[in-house]
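In: Fold the following and give me the result.
(2 chains)
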Amino acid sequence: MIYDIRVAIHYDYDRPALDGRHQLRLLPRDIAGVQRVHDAGLSVAPGPVERSGHSDFFGNTVTEVVLSGGHHEVDFEAWMTVERLAPAAGAVQETALAPLAALAGELSVCRDLGRDSPWHCLAPSPRIAADAAIARHAARAVAGCGTALAAVEALGAALHRDLAHDAEATTVETPPSEAFARGRGVCQDFAQVMIAGLRGLGIPAGYVSGFLRTVPPPGQARLEGADAMHAWVRAWCGAVRGWVEYDPTNGCRVATDHVAIAFGRDYGDVPPVAGILRGSGGQRSRQAVDVVPRRDGAAS
Amino acid sequence: MTCADAPVFDWAMTRPRPVPDPIPALLAGYAPPPGVADEILDPVGQVRPVWQPFLRHLSGIGPEDLAQRFARGDQYLRDQGVFLRQYGAGTSTEREWPLSHVPVLIDEAEWSTITAGLVQRAELLEQVMADLYGPARLVAEGHLPPGLIAGNPEWLLPMVGVAPRGGHYLHFVAFEIGRGPDGRWWVLGDRTQAPSGAGFALENRVSSTRVFSEFYRQAHVHRLAGFFRAFRDRLIEMQGGGDARVAILTPGPHTDTYFEHAYIARYLGFMLLQGEDLTVIDGQVMVRSVAGPSPVSVLWRRLDASYADPLELDPASRLGTPGLVSALRQGRLTMVNALGSGLLETRALLAFLPRVCEVLTGGPLLLPNVATWWCGAPEARAQVAADPGRVVLSPAMTTRQPFDDTAQVTLRGQALDDWLLSTGAGLVAQEAVTLSTTPAHEDGRLVPRPLSLRVFALRTGDGWRVMPGGFARIGQSDDAGAVAMQRGGRAADVWIVSPDPVPPTTMLHVQSGPYRRPLPGMLPARAADNLYWLGRYVERTEGTLRLLRAHHARLAEADTEEVPILDLLAPLFAGRGVDPAEGIPAGLVATLAAAISAAGQVRDRFSPDGWSALADLDKTMRRMAGQVQPGDDAARATGALLRKLSGFSGLVQDNMYRFLGWRFLELGRHVERALEMALVLAELADDAAMEGALDLAVEVGDSVMTHRQRFAVATTRETVIDLLALDGMNPRAIRFQMDGIRDQVGLLPGATTAGQPSALMRAVMQAHTELAIETPETLGTWSLRALHGRIAALSDLLTEGYLR
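Out: Next comes the predicted model:
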């Protein structure tokens, strides 16, 4: 499936901002066997005095811009054409997967510290501390699961069932322990709670930011989180199966309806806009996202 | 014990006749605990040769003389402003620097084995760092567990794969070492993040040479200055030509080691900067200076890496500089040490370093580190379980100092096995350390106290160089953990003693070629801002004191609570947030506190005398607050405080070099004084003001004598306005301040460009001219208030143009 995607993020400030440096993670990346970027671009207004790009540790595309200051508002706008590839059918027999109990053993022979190593996503990370309540909930949810993959699906489905989607309940800074205690939140909360749960089970789990198609296929319901940037989870299910992506907000495995922008340990590794402004006073932001499948797109 | 057969140094041989050995008497009762090594006594109880001359000297000093000498050493530290900041629950206090006056003496030959071990270790750590921020072969090949690195908060992901400018990650490191019961020295911990203590080592040295001045000169003690000179030269070398500079990056005055940062910046002659002083422009780190951005290419950082850049590291940090990591990625900055070097402080790494050393260097560690087991490994768990009383446990990834963060193992048997199995990966076990003892002087005698030593090493062009000396910590009790200064431990000087005379060294450069006067340093905008506000707050303190003195003198004379003329002063007090009924009002104390806070931010640019004068004033004022009663008591107290304040003003006028920073301090004083006087005259010289108001103005303006001499006639509005507003010869007059503002602003960078005055300069000239053409008749209350507004506007323009 090929998508034309557009995301616009707008900030306005009570007082003119002084100079500001921002890192943007709004542009997509190629992921072998998963997605291919056909075209992408990013604009910033007012025009930045400096602009550069690099890949971060996890291989995400980072655009760094410096604004000269004196502005009351900023607009970041990215557009892209991304082809999301269908998962290769039946590549791995579920029965060939390692049992959940063997995951620790598989991890211990993995001596890799590269960007896709499961080791980065096992320990607590800056925004996802270990949480006993989430861990207990996760352990109950996966009782009886034989494999890590089954555990991921069981926990994801349980959270989809037990947490309420509520855009007002949390903020971008809400820790997963709090979102879980309240039992509600948005995609970021669903993802971070699930990550905390998986890590508590010894399953490496990381955070994915990206997009969801805005208009559902005919006959299907519109998915939650399609009007803004979305977030979901990837979990390491053993040496054979590797990383599996799961969307707890919608309670489904990630397939061709999702387009990934960035991977990280938690939200802190992948914010669409990270920025430091010298200045004081309040600020507000709003976001608009369009994810439109191309009619003439390649068959999936 | 006896030392009759112990060798003695050459200087002792020159004595004409043998005299009875005084050392046994001195050491009577000196008894190290059994099974513990001691610095004075060797394993068979003989006094080590290196200590003999010193102990003989010590024994010859009478108790009163010794007390005086110790006091001399303490006085030096106090004068320098050396103190210890102690942290309690949510508070911090400063207390006297706890110096144990007896130095630790180590023989040069023994020191050279320590040095060799630490040089090897520094190089080993460099290799480990290069591997873990590069290919991570140590992990791939199974020498380090991946979870210890990947989950480690000190392994900074943005720095992975970023090669350091100049090729090296580590430049200045420290090691905590101690002598074990077997007499060998052991490494207790590595300090690679931003090790502190080198400046304190210097201060301890100066202090101990004050205590033992005659002896020190002939004692063949290796000097420290050469090490610091090498470090300074190395930092300058890494500058890499061009006009980029070296600077020291500090978290600021709220850090417990800030004094050291300021001290070492002064000592080495480098700028001391905070994160907000810096900005990154096109990949180049720049200082925001009053003359515009100026490049920096080497930063000796004294703050933890995670705080260095809120954009890519800890976003909650308010201490850092956005873009610093970006500058490092582009190879435009040398960071001493590279961001991420805190990883090497991970306690569990000590478990692997012996093996890693074999792997990377082909040989064993020359100086062993304390026996350590990472409990994620089954063999390690078995070791711990076999003898749990022998070890202490810590979080595997702790980077705290040795002995911090430790706990005894309380579980036993199966419970211990189960617990270790489930939580072992997060734990590290270390052999409980017994430190050697060294003498401390307590209650008139020497007592053995545990000793740990921090030793510093720096990378030079020819490899690592170790400071011949260090920072010793002496415990107050036998417990090894008691060496921590936060827990009552004391600091001591370390003397590396040679059998032969040592060359004297100083920080001075050897001059080659004709003398050139060095260019003055650059002034960061934040420092200028603090100097400007220091000037303003000190002046405001003085003005408030004068108002209070006049108020309370009137009150005392009047003998009644109702003194109508004092109502005229009420708006002036209200404008300063001061309630004169308080005697020494809280608002006044707060103003001086603001001055001290500003001074604290620029302590590297300040003479210790100036700082002491302010601190002394503060202490006196706080003591008086709440005690002094309104009336005569307060009039006298404010008079005393004014005299103390003039001590500070005198230091600023007479001793401060007329560098750019002084100009901002001076501008602050002029601006504040002009603002104050305009308001005072607007209140007291108003046509409607009651009788006596003019005399009050003259008194508040500190011009009673001058007025009497200049004007033999009665006090009139014209004489007062002339003397206090228009007379350029009177240092209290507004005109005098305007002259000063015009002169100082004219000397600031960018005051004129190609003959054209800056916006600030234009505004200053205009305000100056407008005042200059006023007469006592034209300068009425309304004009005075307008003048006040114009001067306030100058302050805003100055802030906009230079101070941010």
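In: contacts, neighbours, all on C-alpha from now
Out: Fine.
In: nearest residue to residue B:629 other than its sequence neighbours?
Out: Leaving aside its chain neighbours, residue B:629 sits nearest to residue B:583 (5.3 Å; criterion: C-alpha to C-alpha, 6 or more residues apart in numbering or on different chains).
In: Could you do residue A:124 as well?
Out: Leaving aside its sequence neighbours, residue A:124 sits nearest to residue A:130 (C-alpha to C-alpha, 6+ apart; 5.8 Å).
In: count of neighbours near that neighbour?
Out: Residue crowding around residue A:130 was assessed by other C-alpha atoms under 10 Å in any protein chain shown; the count is 18.
In: same check, this time on residue B:386
Out: Using other C-alpha under 10 Å, residue B:386 has 12 other residues around it.
In: quick one: the residue nearest to residue B:629 and residue B:339, what's the gap?
Out: As judged by C-alpha to C-alpha, to the nearest Å, residue B:583 and residue B:339 stand 52 Å apart.
In: Between those two, which is the more surrounded one?
Out: Shown here are residue B:583 and residue B:339; by other C-alpha under 10 Å, residue B:339 has more neighbours (32 against 24).
In: wait, what's in contact with the more buried one?
Out: The contact partners of residue B:339, by C-alpha atoms under 8 Å, 6 or more residues apart in numbering or on different chains, come to B:156, B:159, B:193, B:305-306.
In: of all these, which comes closest to chain A?
Out: The closest of these to chain A turns out to be residue B:159 (C-alpha to the nearest C-alpha; 8.4 Å).
In: can you list contacts of stretch B:698-712?
Out: Here stretch B:698-712 makes contact (C-alpha under 8 Å, 6+ apart) with B:543, B:546-547, B:550, B:677, B:719-720, B:723-724, B:732.
In: still on that earlier bit, the contacts of residue B:339: which two are farthest apart?
Out: B:159 and B:193 (14.1 Å; C-alpha to C-alpha).
In: So these two - more neighbours on which side?
Out: When neighbours are counted by other C-alpha under 10 Å, residue B:193 comes out ahead of the other of residue B:159 and residue B:193, with 27 against 23.
In: which non-adjacent residue is nearest the more buried one?
Out: Spatial nearest neighbour of residue B:193, excluding adjacent residues (C-alpha to C-alpha, 6+ apart): residue B:342 at 4.2 Å.
In: gap between the one you found and residue B:129?
Out: Counting by C-alpha to C-alpha, the gap from residue B:342 to residue B:129 is 10 Å.
In: Could you tell me which residues of the stretch 101-250 of chain B lie near chain A?
Out: With C-alpha under 8 Å from any C-alpha of the partner chain as the criterion, the stretch 101-250 of chain B meets chain A at residues B:136, B:139-142, B:145-147, B:150-151, B:157-158, B:160.
In: Out of these, which sit inside helices?
Out: Residues from those lying in helices, with DSSP state H as the criterion: B:139-140, B:146-147, B:150.
In: Can you lay out the residues you listed as CSV showing pLDDT?
Out: CSV is the format used below for these (pLDDT from 0 to 100):
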residue, pLDDT
B:139, 97
B:140, 96
B:146, 96
B:147, 94
B:150, 95
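In: Show the buried residues in these.
Out: Buried by 16 or more other C-alpha atoms under 10 Å in any protein chain shown: B:139-140, B:146-147, B:150, out of these.
In: Skip the chain neighbours and tell me the closest residue to residue 275.
Out: Assuming you mean chain A. Using C-alpha to C-alpha, 6+ apart, the nearest residue to residue A:275 is residue A:22, at 4.1 Å.
In: Hmm, no, I was thinking of chain B.
Out: In space, and not counting its chain neighbours, residue B:275 is closest to residue B:320: 4.5 Å by C-alpha to C-alpha, 6+ apart.
In: could you check the distance from the one you found over to residue B:309?
Out: Per C-alpha to C-alpha, residue B:320 is found 5 Å from residue B:309.
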